[in-house]
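Colleague: This is the structure alone, sequence omitted:
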């Protein structure tokens, strides 16, 4: 059992390192001056040239990748906070700490001050959806399995296929048109801002409903087939992709919406941070699923 967990941990670590290298290469090697992309479009040519030299951007990608990892892990000081650059970048945590992804040119604040709050918002949305999805999907799957081949099973299977086939964007627009525009029962956006006409809890209803409709239909089909095998299915990954679409449609301030905004703006520090954290979530959930499946399956434990 210990050997199995160590192998999975080693595999997860390798995946994270490989993913971080790919992210770094794709972002840093994309067309355009890295110093210019770091400082933003309004920086002077002199500032760009100074930063280009200070960051030693003439070095090879693998050398720059090593320095970048050193900054993220807190082994190296963040050069952007050097007062001699005149960038006025200041992080209250200092220039050397674990999780230092630099500064956001879009937000004008350290990436760490943005990314963790957005991640917490996404976790809240996903957590609320799971509270509904898990018992509902299991109940529907068991109900269909107990009535296999009967009209009830065929009806559940048909509805599950229909809901699983509808993209989250389409269902979000449909529900928004119905409950926000036509009936006026719920808010059409979810900025998580108090003090307005709509209370905070009401802003979760439509995003959670969209995720529930899609993921419940997806998971229920696996529950119907097997109660054990569902633990190894990629429904967590499916939920994560749904979160991105749902957050964008409802203007929800989460990690998925942040990924889109930073990509459109070209904020390389936030792009790298948000992408790595998304990969970390995927790797961590896969690792948790592997360990959970091992605990449920005695054949793996004794192998």
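Modeller: Good, I have the coordinates. Computed from a prediction, not measured in an experiment: that's the story for all the values here.
Colleague: Sketch out the low-pLDDT regions of this structure for me.
Modeller: 1, 30-33, 40-42, 195-196, 222-242, 293, 296-303 (pLDDT under 70).
Colleague: just so I have it, where are all the helices in it?
Modeller: Along the chain, counting by DSSP state H, helices occupy 2-28, 34-39, 45-54, 61-72, 111-146, 151-165, 168-175, 205-225, 235-249, 255-265, 268-296, 298-302.
Colleague: Nearest to residue 185, out of those helices?
Modeller: helix 205-225 (8.8 Å; CB to CB). Heads up, the C-betas are built off the backbone N, CA and C, glycines and all.
Colleague: What are the buried residues along that closest one?
Modeller: For helix 205-225, a neighbour-count test (16 or more other CB atoms under 10 Å) marks 205-224 as buried.
Colleague: Can you report how many residues lie near residue 85?
Modeller: For residue 85, the tally of surrounding residues (other CB atoms under 10 Å) stands at 16.
Colleague: Could I get the helices of the chain in CSV, plus columns for distance to residue 78?
Modeller: Putting those into CSV (distance: least, CB to CB, whole Å) gives the following:
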stretch, distance to residue 78
helix 2-28, 16
helix 34-39, 12
helix 45-54, 12
helix 61-72, 5
helix 111-146, 11
helix 151-165, 45
helix 168-175, 37
helix 205-225, 35
helix 235-249, 29
helix 255-265, 19
helix 268-296, 10
helix 298-302, 43
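Colleague: which of the ones you listed is buried the deepest?
Modeller: A comparison of the helices of the chain by mean neighbour count, using mean count of other CB atoms under 10 Å, puts helix 205-225 on top with a mean of 23.
Colleague: for residue 110, what are its contacts?
Modeller: 89, 91, 93, 100, 101, 102, 103, 104 (CB atoms under 8 Å, 6 or more residues apart in numbering).
Colleague: Please report the distance of the third one from residue 279.
Modeller: To residue 279, residue 93 is 23 Å away according to CB to CB, to the nearest Å.
Colleague: In PyMOL, how would I select the buried members of the contacts of residue 110?
Modeller: In PyMOL syntax, the buried subset of those is picked out as below (16+ other CB under 10 Å):
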select buried, resi 89+91+100+101+102+103+104
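Colleague: Tell me which two of the contacts of residue 110 sit farthest apart.
Modeller: Within the contacts of residue 110, 93 and 104 form the most distant pair, 14.7 Å apart (CB to CB).
Colleague: Which parts of the chain belong to which domain?
Modeller: Split into domains by automatic domain parsing, the chain comes to 2-104, 112-302.
Colleague: Could you double-check that residue 211 sits in contact with residue 137?
Modeller: No - using CB atoms under 8 Å, residue 211 is not in contact with residue 137; the gap is 11.8 Å.
Colleague: for the helices of the chain, which one sits closest to residue 186?
Modeller: Evaluated with CB to CB, the helices of the chain place helix 205-225 nearest to residue 186, the distance being 5.4 Å.
Colleague: Next, the angle helix 151-165 makes with the closest one.
Modeller: 130 degrees (axes from the mean of the first three to the mean of the last three CA atoms, to 10 degrees).
Colleague: Helix 205-225 packs against which elements?
Modeller: Taking 3 or more CB pairs under 8 Å, 6 or more residues apart in numbering; DSSP states H and E as contact, the helices and strands that helix 205-225 lies on are helix 111-146, helix 151-165, helix 168-175, helix 235-249.
Colleague: Show me the contact partners of the shortest one.
Modeller: Yep, that's helix 168-175 we're talking about. Contact partners of helix 168-175, identified using CB under 8 Å, 6+ apart, comprise 163, 206-207, 209-211, 213-214, 242, 245-246, 249-250.
Colleague: Please tell me how far residue 86 sits from residue 44.
Modeller: Noted for residue 86: a distance of 10 Å to residue 44, by CB to CB.
Colleague: Same check on residue 129?
Modeller: Residue 129 is 46 Å from residue 44, where distance means CB to CB.
Colleague: count of residues packed around residue 254?
Modeller: Per other CB under 10 Å, the neighbour tally for residue 254 reads 26.
Colleague: residues contacting the residue lying closest to it once chain neighbours are set aside?
Modeller: Distances taken as CB to CB, 6 or more residues apart in numbering place residue 122 nearest to residue 254, at 3.6 Å, with adjacent residues excluded. Residues near residue 122 by CB under 8 Å, 6+ apart: 243, 247, 254, 255, 256.
Colleague: Serialize these to a markdown table and add fields for distance to residue 73.
Modeller: Below are the contacts of residue 122 laid out as a markdown table (distance: CB to CB, whole Å):
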| residue | distance to residue 73 |
| --- | --- |
| 243 | 27 |
| 247 | 29 |
| 254 | 26 |
| 255 | 21 |
| 256 | 26 |
